[in-house]
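[1] I would like the atomic coordinates for the input below:
(chains A and B)
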Amino acid sequence: MEALELARAQFAANITFHILFPSISIGLAWLLFYFKLAYVKTRDSIWLEAYTFWVKIFALTFAMGVVSGITMSFQFGTNWPGFMKTVGNVAGPLLGYEVLTAFFLESVFLGIMLFGIRRVPERVHTVATFLVAFGTMLSAFWILVLNSWMQTPVGFEMKDGVAHVTSWLEILSSPSLLPRFLHMTVASFLTASFLISGISAYRLLMRKWTPSVETTLKIGLVLAAVFSPIQLFLGDIHGLNTLKYQPQKIAAMEGNWNTQGNVPLLLFAIPDEKERKNTFEIGIPSGASLILKHHTDGIVPGLNEYKDNHPPVKPVFYAFRIMVGVGLLMILISWVAAYVLWKKRELPPFLIKAMVGMTFSGWIATVAGWYVSEVGRQPWLVHDILKTANAASSIPAETIGLSLSMYVVTYIALTISYILLLFYLARRADQRGLRVENEIDNNLGLFISRGAL
Amino acid sequence: MDFFSQPDQWLPLVFAALMGLSILIYVILDGYDLGVGILFAMSEQQEKDVMIASIGPFWDANETWLVLAVGLLLIAFPIANGMILEALYIPVALMLLGLILRGVAFEFRAKVPDLYKDLWNQAFFMGSLLTSLCQGYMLGLYIMGLEYKVETILFASLTSICLTLGYVFIGASWLIMKTEGVLQMKAVKWAQGSLSFIVIGILAVSTASPLVSDRIFSKWFTLPEIIFLAPLPLFSSLLIFGLWNLLKSLPQENDRWCWGPFVGAVGLFTLSFIGIAYSFYPYIVPEKLTIYECASAPESLMVILIGTLLVLPAILGYTFYSYKVFFGKTRELRYD
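    Below is the predicted model of the structure:
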């Protein structure tokens, strides 16, 4: 492989690994804040138990996000020096504000949130929990401002090949920011909802029933049932936005080669970029025209209009179907389970198992969605301004291959360890969860509760 | 003032200073928790839990200073960022591996089945060691102008070991301050051991730097610079001498002076840092690029500067608050 492809694979591997953890921690942080508020208000121990169990998983998730995030901040320099050279005047302040306003806030108050429960007044601990949740969301906001600007750049002018800012207001309200931010935030809430309901279902399955487990299962399920259709709607809005500003991405998502009307909604196809056609297709006639243009003979842009200027078709096309497929499965399972639970007051084993199966479904949908968005931006790094190929460093392919394999091995090992550990924590949680509570009541404080965390 | 009417003159300097400050804060803060990680190799199981508990609430925020430092380099001097990080590609990658390992090991070791706990303890130690060695190596190569030659690599290996021992020293000093009993006595021994090597290290780096770089030689050994610089070695010697005597007397009754070694270590780190920073100014890529040649557009830097001036006091404020919350001996964390 060429150095460029390896550098791209390395960044893709890094961002794939990274996105797994914020996509849980943003939603989970707000859920923890909710558990804490509910406990303060009701003094019911089910909320404290839910908080103590999930805060451990939050701490682990947060750490995974931090270490993979640090790696990314270095890769800008090591592998993509052209990015900052060209658009640093825009990207720099946005990244700077992310570090200054979000990273420090989350990391400092995380210490108080995790270890300070008996060292600060209760109200301060609740505020710390809130600030961590707020920080995770603020961090997502800044990075999505930058990402949205890279997709739909505005508010700048080019002087001698370098972007100079003309209006920060425009950059802070670039056309794709709102749909992207909502889509990503809801993705995180969905991921956290399925995680919570999945792990809680697993605890039921392992006969570790406690009232608290039942509560978190219900909360996860209700949130999943509410957010999954909302996400479908937000995805549609985001898609229409992309149609307006990055039509070639839509063409790749739909697998549509020629600009025309009555374009079918392809359920499955095998796009062939050499022959510039699909070798196999199953679709709903005029479906894509209907969704994108709201009438059957609506004209949908085709890839042939953007020769040499459209993303690789296959990854975008397939990733889009995986994302939508998982999304529809989320709606189906959460609605069926919520309905059955509401009617019968309990879940049959097959639905409990289905919930367990969906534990990490949010990851699949989120990663697939990121591929649609980011691979779909190619060949541009910054749409119409900077090509990815022009931003790469001159590091030889062998060296990148070396670091890439090192990262990939580490990432895979850690992701597997993370998943196994979550299920392990769930299995032993009933005794442990109760013990933590006793420890706190006995005022033994941080040192021992640290062992349990 | 004429100076302030020319933002392209003073903004690079301000940002270089801010970046330097975050590097210094990072080296001190993450230095002690990296040092504690390295000292894992020499401690008992029970002690490990106390050691971890002493850095638990802080390590994450400590590492954020690294993100800020590299972020400021990226933002204010993008071209230099590319040049430096490209030249240091392999050590950066290895350092990141170390940071990943220790960051997650911290969490995993406390949660996995007992069977695997030791494996993650090992990972925590290895990660801390690898990170420290790589940072020292990068520092050495940077001082040597980012060139790979036999003598530069030898020098970098030397700084690699020195910085690691520096981290061990500040880590041991942290433990003297935060623990008591057997662990504290052990920490005093660790501090004494690493201090003697630090003296050798500082001497070696101070001798090698001017010999290898003519520019640094002329910056150190000409009048009047030599007079302005004189306090650096003078204060460093006094500090080392003071630390040496203090460590011999620790632990004292009522745990007096338990904070002394840590404060001394901060002083030594600061003095060494000033020495290095002075030697390089105005270069950001040694011998190749000055801070004035590669700074970002003044209007963008202004936007960050305003934010920094508004936010930095808040960051320092709540960081201070967090240290106050977790003030005192780690074992005495009882809530009465």
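[2] Which residue would be the closest one in chain B to chain A?
    When scored by Cβ to the nearest Cβ, chain B has residue B:82 as its residue closest to chain A, at 2.7 Å. No exception for glycine: its C-beta is placed from N, CA and C like everyone else's.
[3] which non-adjacent residue is nearest that residue?
    Distances taken as Cβ to Cβ, 6 or more residues apart in numbering or on different chains place residue A:81 nearest to residue B:82, at 2.7 Å, with adjacent residues excluded.
[4] re earlier: name the helices or strands packed onto the helix or strand encompassing the residue of chain B closest to chain A?
    Element membership for residue B:82, per DSSP states H and E: helix B:78-87. Packing contacts for helix B:78-87, counted by 3 or more Cβ pairs under 8 Å, 6 or more residues apart in numbering or on different chains; DSSP states H and E, involve helix A:45-79, helix A:81-97, helix B:59-76, strand B:283-285, strand B:289-290.
[5] quick one, which of the ones you listed is nearest to residue B:173?
    helix B:59-76 (15.2 Å; Cβ to Cβ).
[6] If we go by neighbour counts, what in that closest one is buried?
    Counting neighbours by 16 or more other Cβ atoms under 10 Å in any protein chain shown, one finds that the buried residues in helix B:59-76 are B:59-76.
[7] Show me what that helix is packed against.
    helix A:45-79, helix A:81-97, helix A:104-115, helix B:7-38, helix B:78-87, helix B:89-111, helix B:298-325.
[8] Reformat the ones you listed as JSON lines; add mean pLDDT, distance to residue A:376 and mean neighbour count.
    Converted to JSON lines, the helices and strands packed on helix B:59-76 look like this (pLDDT from 0 to 100; distance: least, Cβ to Cβ, whole Å; neighbours: other Cβ atoms under 10 Å in any protein chain shown):
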{"stretch": "helix A:45-79", "mean pLDDT": "88", "distance to residue A:376": "20", "mean neighbour count": "24"}
{"stretch": "helix A:81-97", "mean pLDDT": "88", "distance to residue A:376": "18", "mean neighbour count": "24"}
{"stretch": "helix A:104-115", "mean pLDDT": "86", "distance to residue A:376": "30", "mean neighbour count": "25"}
{"stretch": "helix B:7-38", "mean pLDDT": "90", "distance to residue A:376": "35", "mean neighbour count": "22"}
{"stretch": "helix B:78-87", "mean pLDDT": "86", "distance to residue A:376": "26", "mean neighbour count": "23"}
{"stretch": "helix B:89-111", "mean pLDDT": "91", "distance to residue A:376": "28", "mean neighbour count": "23"}
{"stretch": "helix B:298-325", "mean pLDDT": "85", "distance to residue A:376": "28", "mean neighbour count": "16"}
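[9] and residue A:194, which of those is closest to it?
    Using Cβ to Cβ, these put helix A:45-79 closest to residue A:194, at 13.6 Å.
[10] in chain B, what spans have low per-residue confidence?
    Chain B contains residues with pLDDT under 70 at B:1-4, B:331-336.
[11] Residues of the stretch 151-300 of chain B that sit close to chain A?
    B:296-297, B:299-300 (Cβ under 8 Å from any Cβ of the partner chain).
[12] and the two most separated of the residues you listed?
    Largest separation among those by Cβ to Cβ: B:296 and B:299, giving 9.1 Å.
[13] Name the residues contacting each of those two.
    Taking Cβ atoms under 8 Å, 6 or more residues apart in numbering or on different chains as the contact rule, residue B:296 and residue B:299 both touch residue A:89.
[14] hmm, back to that, tell me if I'm right that the residue nearest to residue B:82 and residue B:80 touch.
    No. Between residue A:81 and residue B:80 there is no contact under Cβ atoms under 8 Å: 9.9 Å.
[15] Name the surrounding residues that touch stretch A:295-310.
    Stretch A:295-310 is contacted from outside by A:243, A:247-252, A:254, A:256-263, A:276, A:286, A:288-290, A:292-293, A:313, A:379, using Cβ under 8 Å, 6+ apart.
[16] Could you do stretch A:396-405 as well?
    Residues from elsewhere that reach stretch A:396-405 (Cβ under 8 Å, 6+ apart): A:1-3, A:6-7, A:9-10, A:13, A:79, B:89-90, B:93.
[17] Export these to JSON lines and append columns for distance to residue B:43.
    Formatted as JSON lines, those follow (distance: Cβ to Cβ, whole Å):
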{"residue": "A:1", "distance to residue B:43": "45"}
{"residue": "A:2", "distance to residue B:43": "48"}
{"residue": "A:3", "distance to residue B:43": "44"}
{"residue": "A:6", "distance to residue B:43": "41"}
{"residue": "A:7", "distance to residue B:43": "41"}
{"residue": "A:9", "distance to residue B:43": "40"}
{"residue": "A:10", "distance to residue B:43": "36"}
{"residue": "A:13", "distance to residue B:43": "35"}
{"residue": "A:79", "distance to residue B:43": "38"}
{"residue": "B:89", "distance to residue B:43": "34"}
{"residue": "B:90", "distance to residue B:43": "31"}
{"residue": "B:93", "distance to residue B:43": "29"}
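[18] Can you give me the neighbour number for the closest residue in space to residue A:83 that isn't next to it in sequence?
    In space, and not counting its chain neighbours, residue A:83 is closest to residue A:391: 4.6 Å by Cβ to Cβ, 6+ apart. Residue A:391 has 22 neighbouring residues, counting by other Cβ atoms under 10 Å in any protein chain shown.
[19] on that earlier part again, touching, the residue of chain B closest to chain A and residue A:86? I think so.
    No. With contact defined as Cβ under 8 Å, residue B:82 does not reach residue A:86; the gap is 11.2 Å.
[20] and residue A:381, how far is that from residue A:313?
    The gap separating residue A:381 from residue A:313 is 19 Å, by Cβ to Cβ, to the nearest Å.
[21] Between these two, point out the one with more neighbours.
    Between residue A:381 and residue A:313, residue A:313 has the larger neighbour count (other Cβ under 10 Å), namely 24 against 21.
[22] quick one: pLDDT of that one?
    At residue A:313, the pLDDT value in this model is 87.
[23] Now do the SS call for the nearest residue to it once chain neighbours are set aside.
    The spatial neighbour of residue A:313 that comes closest, neighbours along the chain excluded (Cβ to Cβ, 6+ apart), is residue A:271 at 4.3 Å. With DSSP: H, G, I helix; E, B strand; the rest coil as the basis, residue A:271 sits in strand.
[24] From residue A:257, how far off is residue A:271?
    Distance, residue A:271 to residue A:257, by Cβ to Cβ: 8 Å.
[25] got it, and residue B:241?
    Separation of residue B:241 from residue A:257 (Cβ to Cβ): 79 Å.
[26] Please say which of the two ends up with more neighbours.
    Between residue B:241 and residue A:257, counting by other Cβ under 10 Å, residue A:257 is the more crowded of the two (20 against 11).
[27] quick one: contacts for that one?
    Counting by Cβ under 8 Å, 6+ apart, residue A:257 makes contact with A:251, A:276-278, A:302-304.
[28] Selecting buried members of the residues you listed in ChimeraX, what would you type?
    Typed into ChimeraX, the next command selects the buried ones out of those (criterion: 16+ other Cβ under 10 Å):
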select /A:251,277,278,302,303
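[29] So which of the contacts of residue A:257 sit within helices?
    Members of the contacts of residue A:257 lying in helices (criterion: DSSP state H): residue A:251.
[30] What about the contacts of residue A:257, which are in strands?
    A:277-278 (DSSP state E).
[31] Among the contacts of residue A:257, which one lies nearest to residue A:318?
    Nearest to residue A:318, judged by Cβ to Cβ, of these is residue A:278 at 12.3 Å.
[32] So what's the residue count around residue A:299?
    Neighbour count of residue A:299, defined by other Cβ under 10 Å: 13.
[33] Now do it against residue A:170, distance only.
    Distance of residue A:299 to residue A:170, computed by Cβ to Cβ: 29 Å.
[34] What is whichever strand or helix holds residue B:189 packed up against?
    Element membership of residue B:189, judged by DSSP H and E, is helix B:181-212. If you count contacts as 3+ Cβ pairs under 8 Å, 6+ apart, helix B:181-212 packs onto helix B:45-55, helix B:150-178, helix B:214-220, helix B:231-249, helix B:260-280.
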